[in-house]
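For reference, the sequence and a predicted model appear below.
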Amino acid sequence: MTLRPEEIRRVAELARLELSPEEEARYGAQLARVVEYIDQLSGYEPSRHPREEALVEQPDEVQPSLPLERFLDNAPERLDRFLVVPQVKKVDGG
């Protein structure tokens, strides 16, 4: 399958790419191979995983979990009843 130059430029525009004419030719050929592969795949029936049919939905029920103190004992650092974690977002003014 051959893609028209307008199609290649449109895909590049959607991807926010600025391509040189050489890049348009190179990436156009690569994109054409991808489209051909997708066309091949569309000829196959979707398969199902054998276990999909065996999955049974279970009710959502509250069950006992690890006690808080035991959970916190496994933490590398804690403050009272809380886990201490590294700061991930810088706070302005503080």
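Yes, it's here.

for the record, mean pLDDT for stretch 27-34?
Across stretch 27-34, pLDDT averages out at 92.

cool, stretch 80-93 as well?
On average, stretch 80-93 scores 87.

roughly how far is it from the heart of the chain?
Relative to the centre of its chain, stretch 80-93 is centred 27 Å away, using CA atoms, centre = their mean, to the nearest Å.

contacting residues around it?
Residues from elsewhere that reach stretch 80-93, judged by CB atoms under 8 Å, 6 or more residues apart in numbering: 68, 72, 75, 77-78. Where C-beta positions appear, they are placed from N, C-alpha and C, glycine not excepted.

quick check, nearest of those residues to S47?
S47 has its nearest neighbour among the contacts of stretch 80-93 in A75, at 43.7 Å by CB to CB.

I'd like to know how far the closest one sits from S65.
Distance, A75 to S65, by CB to CB, to the nearest Å: 15 Å.

So which of these two has more stuff around it?
A75 (12 against 8; other CB atoms under 10 Å).

ok, then the element right after the longest helix along the chain?
Counting by DSSP state H, the longest helix found in the chain is helix 21-41. Under the assignment DSSP states H and E, the closest C-terminal helix or strand after helix 21-41 is helix 68-73.

And the helix or strand following that following helix, what does it pack against?
Under the assignment DSSP H and E, the closest C-terminal helix or strand after helix 68-73 is strand 78-79. Strand 78-79 is packed against no helix or strand, with contacts defined by 3 or more CB pairs under 8 Å, 6 or more residues apart in numbering; DSSP states H and E.

All set, thanks.
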